[in-house]
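[1] show me the folded form of this:
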Amino acid sequence: MTTQQILEKLVSFPVLGGDTNLEIINWIQQYIESFGVTTFLVYNNDNTKASLHCRIGPAVGGGVILSGHTDVVPVKNQPWDTNPFELVEKADGNLYARGSCDMKGFLACCLATLPKMVKANLTKPIYFAFSYDEEIGCLGAEDLINDIKSTYSEIPKFAIIGEATMLQPIIGQKSIHILDITVNGSEGHSSRINQEVSAIHEAAKIVLWAETKMEKLVKTSNDVRFNPPHSSLHVGTINGGIAANIIANNVTLSLDMRCLPKDNPNKLHQDLINFCKERETIKRAIFSNFTIKVEENHRIVPAFSTHESSEAVTLIGEITGNYNWNTVSYASEAGYFANAGFEAIICGPGSIKQAHRANEFISKDQLNKGTAMIEALVTYLEK
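    Numbering: from 1, shown residues only. Model (predicted):
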């Protein structure tokens with residue numbers, strides 16, 4: 001099968017983050033095993049989802065992991081011109097479908113190159129590591145990585161995470177932590193604002209806290225490799241209140257925190273908790289049942305930072321011809337691989353500008369170049 005034919009099959013599985021992915025992972029497993037390669041599945045607790053890993057080549061150390069995810073983001077309420085789960089080739093040379101860019105294009109490049117991998121005289125192995133639920137917090141990554149480390153006696157050296165980068169090596173990623181905050185105040189007539197506790201007013205103080213905290217980080221923590229070059233805090237949603245003359249008793253808001261690799265997201269989280277406790281102590285003198293509840297929307301997706309002179313950058317340069325590295329602020333599984341001891345780097349076909357939007361696409365040129373990158377890796381590992 002060609003890369004495009006495999007991509008056409010992969011995008012036909014409408015696996016959203018949180019959904020069971022067994023249908024697509026079983027198809028991938030059958031495809032890989034048809035070439036005589038042994039695969040391993042790593043299931044979630046209720047066996048409704050699974051990650052897959054396998055090794056192609058000799059059982060020696062120093063190999064390369066090719067990492068991707070099988071889930072995609074929703075299409076509901078997006079103005080698609082075509083069926084999102086059917087690959088459509090248009091005259092502009094682009095292939096349209098949900099997941100074509102993020103990141104089933106990379107999976108297709110890996111799978112299309114598998115026949116060449118199997119026939120090659122590899123001196124170092126290549127591993128596939130395909131996960132579930134990346135789009136809702138990289139939920140399958142840790143178990144997948146732990147199973148890789150316990151399954152093989154040898155230790156892989158590199159992990160290439162194939163997110164869409166236009167095949168540019170990405171050497172750094174911020175951590176991402178999303179918190180859901182619920183403020184419960186006391187309802188009442190707006191004329192009694194000083195006798196009640198407005199959930200909206202208290203929520204506004206949390207927004208101001210986030211702005212003030214970020215202003216301090218701008219001055220005290222900086223990494224010019226990133227844009228913006230500091231850790232960031234952003235309130236993305238806020239909901240509450242029913243009328244201008246009614247004191248709101250409930251407000252919910254979401255806080256997105258993205259930290260530089262050198263900053264500690266757990267400390268930032270605790271600073272928020274401490275602030276909320278202070279506000280509770282102050283306002284319970286007026287309303288004893290006042291609460292601010294902070295919950296994780298999903299756990300922290302860790303940051304990672306690879307030195308620009310690392311062997312991983314050299315490896316990507318050798319197989320793509322591109323040594324011009326960059327950094328990103330979006331989430332990926334790179335931090336998990338880095339924390340597990342692998343030299344992680346992000347590099348894959350397609351543009352992140354196309355991800356998560358209506359009429360997502362990957363160009364045929366990028367898909368072909370992505371396949372060429374994996375083929376070049378095979379040649380590189382034959383040396």
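[2] what number of residues lie near the nearest residue to residue 307 once chain neighbours are set aside?
    Spatial nearest neighbour of residue 307, excluding adjacent residues (C-beta to C-beta, 6 or more residues apart in numbering): residue 171 at 7.4 Å. Using the backbone N, CA and C atoms, a C-beta is placed for each residue, glycine as well. As a burial measure, residue 171 scores 24 neighbours (other C-beta atoms under 10 Å).
[3] same check on the one 4 residues further on?
    Taking other C-beta under 10 Å as the criterion, the count of residues near residue 175 is 23.
[4] so what's it up against?
    By C-beta atoms under 8 Å, 6 or more residues apart in numbering, the residues touching residue 175 are 257-259, 261, 263, 265, 300-303, 335.
[5] please narrow those residues to those residing in strands.
    257-259, 300-301 (DSSP state E).
[6] from those, which has minimum pLDDT?
    By pLDDT, residue 300 ranks lowest within the ones in strands among the contacts of residue 175, coming in at 92.
[7] quick check: that one vs residue 352, distance?
    According to C-beta to C-beta, to the nearest Å, residue 300 and residue 352 sit 21 Å apart.
[8] wait, doesn't residue 121 sit right on residue 382?
    Yes - using C-beta atoms under 8 Å, residue 121 is in contact with residue 382, at 5.5 Å.
[9] how about the residue nearest to residue 307, what does it touch?
    Counted by C-beta under 8 Å, 6+ apart, residue 171 has contacts 225, 305-308, 310, 312-313, 325-327, 345.
[10] again, only using 6 Å
    Applying C-beta atoms under 6 Å, 6 or more residues apart in numbering to residue 171 gives the contacts 306, 308, 325.
[11] please apply the same query to residue 209.
    With C-beta under 6 Å, 6+ apart, residue 209 has these contacts: residue 275.
[12] what strand or helix carries it?
    Counting by DSSP states H and E, the element that carries residue 209 is helix 199-220.
[13] so what strands line up beside the very next helix or strand once past that helix?
    Per DSSP H and E, helix 199-220 leads on to strand 232-240 as the next helix or strand towards the C-terminus. As defined by DSSP bridges, the strand partners of strand 232-240 come to strand 250-259 (antiparallel).
[14] could you pull out the buried residues of the strand it pairs with?
    250-251, 253, 255-259 (16 or more other C-beta atoms under 10 Å).
[15] same question, stretch 324-335
    325, 327-335.
[16] please apply the same query to stretch 236-245.
    For stretch 236-245, the neighbour count (16+ other C-beta under 10 Å) marks 238, 240-241 as buried.
[17] let me have those residues in TSV, extended by pLDDT and distance to residue 341.
    Listed next are those as TSV, based on pLDDT from 0 to 100; distance: C-beta to C-beta, whole Å:
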residue	pLDDT	distance to residue 341
238	97	40
240	97	45
241	96	49
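[18] for the spatially most distant residue from the centre of the chain, helix, strand, or coil?
    No residue in the chain sits farther from the centre than residue 191, which is 46.9 Å out by C-alpha atoms, centre = their mean. Secondary structure, DSSP: H, G, I helix; E, B strand; the rest coil: residue 191 is helix.
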